[in-house]
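Student: no FASTA, just this:
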């Protein structure tokens, strides 16, 4: 499909005013929390899973562990059952918009007893974005995975109910992907008529897309107002 | 088995049958959803016979039903008066906030957060500002932190007051609604004095707050914290001994601690089940580690427990505000680095540099390092509200993930509804206290 084709680059800011520094993990962050710094859990993960752990990041005192996508359920089960991370606070997708490893899914896990927080990440390719579902470990992941599927089109294998979360099933796109335009795609979704008895609306931002909205949209002139003729 | 009902009413020639596939998928889900309750009612193997006394029916409640507190759509399968299965349909208020955030500078997105949990806009502002400050490493002056705390706790009281009034109105008591709104009005007047807006305040700024508290505002807050606890005690006297309220809430929507954690429920709903999870204690932000307050917890896990938790929370909020007012230090209210925070209006109007800084900050704003990503959560009235921001080194975030507490809580609601009576549905929605602006993003 021509309109589904990815533009070569994303729209960058026209103007940069500061040189960009890479983030440094050793910097002191005024908002860093003790809960997110979990070297002992990272060590335990490395010891147990070895090269399944692809990358460990530290920024603002937060540990992020990137693991291989096919092992995410085992890693989550290990964290839940042996490390006490029993609460899944959040799960979501990231579109990196790169050729390799385009999508990421992150898992924000909390251990309520140990008062610790850790973030896991997995990376999947664009042509086959499939991640094993962690709903068998954390039931709370159900809706979050649905939302991630809705917004990014990442499919979760083994999910009991992989429907869209927000958008209707009739919608064919995944809006949080970078190639999806901010104003939407005209004609992708029928919406209520803008005037009573009018036709269905297929583009809520007609004027922004270069079309003229239906004429009935404007208010009729008031009774005492003179209609100028020219 | 039942299929998707045909829509009754005047024939609109298919004009208003939006999204047929969407509805089909929901009804299919309702059919295939596994609920233990159903098996108890209909033992396996008894499928062939149809019982003439069977009162099965599929009921759509919402999205326009007033008791759903917004645009929540519940599709329930009833057996008599018992809700056998429930499927919640979200997204009727979906505005794509996460997508919008990717196209706004950090400061520009802040007014959008007002529209998330619109019952406590100040908490959302603070949550967003703290998240940006964390990813960019911006320090906030002391005074601004205390001001933010005061306003956050006022927002919590305001949100809980609405929950109380509307919750009791759902149960049939209208007078509490009027009393609660009288004090919400007071809080709105305070917001008006402090921020110039009553509802969508947008008062917090990255690196501080927009304006200082005026002496009038401080006097108003003082008067509020003087009067409000007495009034609250008066309400408690009448509500805690009200047989209708107690009977309608006791043992309704029970979540055990394990279930609540498993379902990812957050906020007062989680604490009502006996789990001590409060971000103000888990990872203290602002100055919460310096004030003395309790985290109310109940172990029953039913609707009544959540009621008590929220009532206690309001009292604790008043305590926090009192301590904040006592300890409010003098000093600047915004970070003084022009690359990190807005200059004050005096600087903008009376100095060239100030104007340039203001312009640059509006145009580009704060630029966290490329590849930086961090998550910051606060304890909003509804629960853990967090923002996970990924920066690409420009003035606009590459990705913003909103962890909305109402979203997590609604997942618990779907579970609570199954097996409850249809008459308790309104109470259950009230007790979870969802705000659809936040759940739908």
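Tutor: All right, it came through fine. Note that the coordinates shown come from a computational prediction; the quantities given were computed from them, not determined experimentally. Numbering: from 1, shown residues only, chains lettered A, B, ... in the order given.

Student: show residues contacting stretch B:290-300.
Tutor: The contact list for stretch B:290-300 (C-beta atoms under 8 Å, 6 or more residues apart in numbering or on different chains) reads B:149, B:254, B:257, B:271-276, B:278, B:280-281, B:305-306, B:308-309, B:312-313, B:316, B:319-320, B:323-324, B:327. For the C-beta atoms, the positions are set from N, CA and C on the backbone; glycine is no exception.

Student: which of the residues you listed fall within helices?
Tutor: B:149, B:257, B:271, B:280-281, B:305-306, B:308-309, B:312-313, B:316, B:319-320, B:323-324, B:327 (DSSP state H).

Student: close enough to count as contact, residue A:49 and residue A:75?
Tutor: Yes - counting by C-beta atoms under 8 Å, residue A:49 touches residue A:75, with 6.4 Å between them.

Student: intersection of neighbour lists for these two?
Tutor: With C-beta under 8 Å, 6+ apart as the test, residue A:49 and residue A:75 both reach residue A:67.

Student: just give me the neighbour total for the residue in chain B that chain A sits nearest to.
Tutor: Closest contact between chain B and chain A, by C-beta to the nearest C-beta, is at residue B:264 (2.7 Å). When neighbours are defined as other C-beta atoms under 10 Å in any protein chain shown, residue B:264 has 28 of them.

Student: okay, domains of chain B per the record?
Tutor: With domains defined by automatic domain parsing, chain B comprises B:20-44+B:52-89, B:97-331+B:368-439.

Student: nearest to residue A:123, out of those?
Tutor: Among those, domain B:97-331+B:368-439 comes nearest to residue A:123, with 13.7 Å by C-beta to C-beta.

Student: on that earlier part again, check contacts around the residue of chain B closest to chain A.
Tutor: Taking C-beta under 8 Å, 6+ apart, we find residue B:264 in contact with A:87-89, A:138-141, B:408, B:411-412.

Student: include pLDDT and neighbour count when you put these into TSV, please.
Tutor: Below are these laid out as TSV (pLDDT from 0 to 100; neighbours: other C-beta atoms under 10 Å in any protein chain shown):
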residue	pLDDT	neighbour count
A:87	92	25
A:88	92	26
A:89	91	25
A:138	91	27
A:139	90	18
A:140	90	25
A:141	92	23
B:408	91	27
B:411	90	22
B:412	90	25
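
Student: TSV for those residues, including secondary structure and distance to residue A:131?
Tutor: Converted to TSV, those look like this (DSSP: H, G, I helix; E, B strand; the rest coil; distance: C-beta to C-beta, whole Å):
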residue	secondary structure	distance to residue A:131
A:87	strand	20
A:88	strand	14
A:89	strand	18
A:138	coil	14
A:139	coil	17
A:140	coil	16
A:141	helix	11
B:408	helix	20
B:411	helix	19
B:412	helix	24
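
Student: what's in contact with stretch A:79-86?
Tutor: Here stretch A:79-86 makes contact (C-beta under 8 Å, 6+ apart) with A:41, A:44-45, A:109-114, A:116, A:118, A:120, A:137-138, B:261.

Student: any stretches of chain B with poor pLDDT?
Tutor: Along chain B, the parts satisfying pLDDT under 70 run over B:1-18, B:35-55.

Student: 50 instead, please
Tutor: B:1-11, B:52 (pLDDT under 50).

Student: one step back: out of the contacts of stretch A:79-86, which end up buried?
Tutor: By neighbour count, with 16 or more other C-beta atoms under 10 Å in any protein chain shown, these hold A:41, A:45, A:109-112, A:116, A:118, A:120, A:137-138, B:261 as buried.

Student: and stretch A:197-204, what's buried?
Tutor: Within stretch A:197-204, the residues that count as buried by 16+ other C-beta under 10 Å are A:201, A:203.

Student: any residue of that stretch up close to chain B?
Tutor: Yes - judged by C-beta under 8 Å from any C-beta of the partner chain, stretch A:197-204 and chain B are in contact via residue A:200.

Student: now do the end-to-end distance for that stretch.
Tutor: End-to-end distance of stretch A:197-204: 17 Å, with C-alpha to C-alpha, to the nearest Å as the criterion.

Student: before we move on, back to that, buried deepest among the domains of chain B, which one?
Tutor: Of all the domains of chain B, domain B:97-331+B:368-439 has the most neighbours on average by mean count of other C-beta atoms under 10 Å in any protein chain shown, namely a mean of 21.

Student: centre of the chain versus that one, how much separation?
Tutor: Centre-to-centre, domain B:97-331+B:368-439 and its host chain are 6 Å apart (C-alpha atoms, centre = their mean, to the nearest Å).

Student: looks to me like residue B:238 is in a strand.
Tutor: No - read with DSSP: H, G, I helix; E, B strand; the rest coil, residue B:238 is helix and lies in no strand.
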